[in-house]
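>>> mind folding the following:
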Amino acid sequence: MARTTRRAGGGAAGRAAQRGAAGVLPGVGLLGLLLFSLGREHVWQALGGGLVVAGAAVVLGGALGFLFGVPRVRGGAGGPGGEPHGSYVPNTNLEQVSDWLTKVLLGVGLTQLGSLGERLHQLGTALAPALGGGEGAVPFSAALVLYFLVSGFLAGWLVTRLTLPQVLSDADQALDLFLAGQDRDRRGDKVGADDLRVRAMRHLGLLGGSADRAEEPARRLPPGTAAGPATVVAEVRSTARRSALTSDQVRELFADGSEGRRIQALALMQGDPSLADLPSVLEAIEHPRSGFEQYNALLAARGLLARLPATDVGRLREAVSGQLVAPDGIPYGSDRSWLAEKILSRLEATTVIPQQAGPADGAQPAEPAGAPQPAEPPQ
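Coordinates of the predicted model:
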């Protein structure tokens, strides 16, 4: 506990130091520009021109930092046998352009290193009028460009290195999950397809996950296991049709009471709808032990839609819609709300009662049974 506290305190202190350094670096340059402008005859002209020059230097430095910080695609990344994950190859044009421009800029810079002082003096002379001209404007202009160029480069490089790899990785994983979901859908595994689509949207940040998804179920995993709870559920779901369990045994497994057994029973119901028990699914939807359990109950209900009797449609609709509107029910914008809304839309589509066709044009409506017949005319 003490070690965890120290680690948390050290992390907070490190983040505070990073924020302070990020504020001090541009602050010192802007303070120097302000003091220089106050000593000029035309204060606002010097300040405005200096801000424009500093902003341009930051943009140029940030672009250079981005080029130097673009991550490389790992050559050995792939699945078993060296095959890439998914059914596509990542586009590496940006990486190739970045590598080429980096080499060109380094080569040109090294060849012109001897005349660097002269080049800076020429740059300062060209920018001096923007800062009001006069004595001292030439070296200050060159120093201003150099300072903010380096600052922009460091900022662009750090932001690219820290954020772009994760963004690209999440996008690649989400695309792989979407493609795998389409493959599951073509094979008729609607539950697995929807689960993969939800996971893909969580990777992209389009859906929020269950708050306790990685907490409570993960504590019940054996020590040292590398698989998360979602992976364990997917494995149980994939073996459900080969399982020798009966629907009564799955119902007893759910009634065991522990959350791990309940989730295992729901995973078996997802993989084989013939093992599903609607009262157990409704219990997990309306009175879940965790958000992760409710999510798997909704997946099990999704698999039941094709074989749900008409008498049970209203019960499922009432349970799902009740959790959507309950204050402590399904959070809006979460993975569970996406599944719940999809279930309700499918229920509405499957419970539409077709209208009875009216009599054809020119046809006489049938007389109701027992209606009095007109009397025959006398002979």
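
>>> rest of the way, CA atoms for contacts and neighbours
Will do.

>>> show me which helix or strand of the protein is least confident by mean pLDDT.
helix 216-219 (a mean of 44; mean pLDDT, DSSP states H and E).

>>> which element follows it toward the C-terminus?
helix 229-238 (DSSP states H and E).

>>> using PDB, write out every CA atom in that next one.
Extracted C-alpha coordinates of helix 229-238, given in PDB (Å, rounded to 0.1, in the frame of the first residue of the first chain):
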ATOM      1  CA  PRO A 229     -12.300 -11.100 -18.700                       C
ATOM      2  CA  ALA A 230     -13.600 -10.300 -22.200                       C
ATOM      3  CA  THR A 231     -11.200 -12.800 -23.700                       C
ATOM      4  CA  VAL A 232     -12.300 -15.500 -21.200                       C
ATOM      5  CA  VAL A 233     -15.900 -14.800 -22.000                       C
ATOM      6  CA  ALA A 234     -15.200 -15.100 -25.800                       C
ATOM      7  CA  GLU A 235     -13.400 -18.400 -25.300                       C
ATOM      8  CA  VAL A 236     -16.300 -19.800 -23.300                       C
ATOM      9  CA  ARG A 237     -18.800 -18.500 -25.900                       C
ATOM     10  CA  SER A 238     -16.800 -20.200 -28.700                       C
END
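
>>> heading C-terminal from it, find the next helix or strand.
Taking DSSP H and E, what comes next after helix 229-238 is helix 247-254.

>>> quick one, helices of the stretch 1-150 of the chain?
Secondary structure of the stretch 1-150 of the chain, counting by DSSP state H, counting those that start in this stretch: helices at 2-38, 43-69, 93-111, 116-127, 137-186.

>>> elements contacting the shortest one?
Right, helix 116-127. Identification of packing neighbours for helix 116-127 by 3 or more Cα pairs under 8 Å, 6 or more residues apart in numbering; DSSP states H and E yields helix 137-186.

>>> off-centre distance for the next helix or strand along the chain from the helix it packs on?
Once helix 137-186 ends, the next helix or strand along the chain (criterion: DSSP H and E) is helix 190-203. Put simply, helix 190-203 sits 11 Å off its chain's centre (Cα atoms, centre = their mean, to the nearest Å).

>>> relative to helix 137-186, how tilted is helix 190-203?
On the basis of axes from the mean of the first three to the mean of the last three Cα atoms, to 10 degrees, helix 190-203 is oriented at 170 degrees to helix 137-186.

>>> could you give the angle of helix 190-203 to helix 229-238?
Counting by the same axes, to 10 degrees, helix 190-203 lies at 170 degrees to helix 229-238.

>>> then helix 190-203 to PDB, C-alphas only?
The C-alpha coordinates for helix 190-203 follow below in PDB (Å, rounded to 0.1, in the frame of the first residue of the first chain):
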ATOM      1  CA  LYS A 190     -24.600 -12.300 -34.500                       C
ATOM      2  CA  VAL A 191     -23.600 -12.200 -30.800                       C
ATOM      3  CA  GLY A 192     -19.900 -12.400 -31.500                       C
ATOM      4  CA  ALA A 193     -20.200  -9.900 -34.300                       C
ATOM      5  CA  ASP A 194     -21.900  -7.300 -32.100                       C
ATOM      6  CA  ASP A 195     -19.400  -7.900 -29.300                       C
ATOM      7  CA  LEU A 196     -16.500  -7.200 -31.700                       C
ATOM      8  CA  ARG A 197     -18.200  -4.100 -33.100                       C
ATOM      9  CA  VAL A 198     -18.700  -2.800 -29.500                       C
ATOM     10  CA  ARG A 199     -15.100  -3.400 -28.700                       C
ATOM     11  CA  ALA A 200     -14.000  -1.600 -31.900                       C
ATOM     12  CA  MET A 201     -16.100   1.400 -31.000                       C
ATOM     13  CA  ARG A 202     -14.700   1.400 -27.500                       C
ATOM     14  CA  HIS A 203     -11.200   1.500 -29.000                       C
END
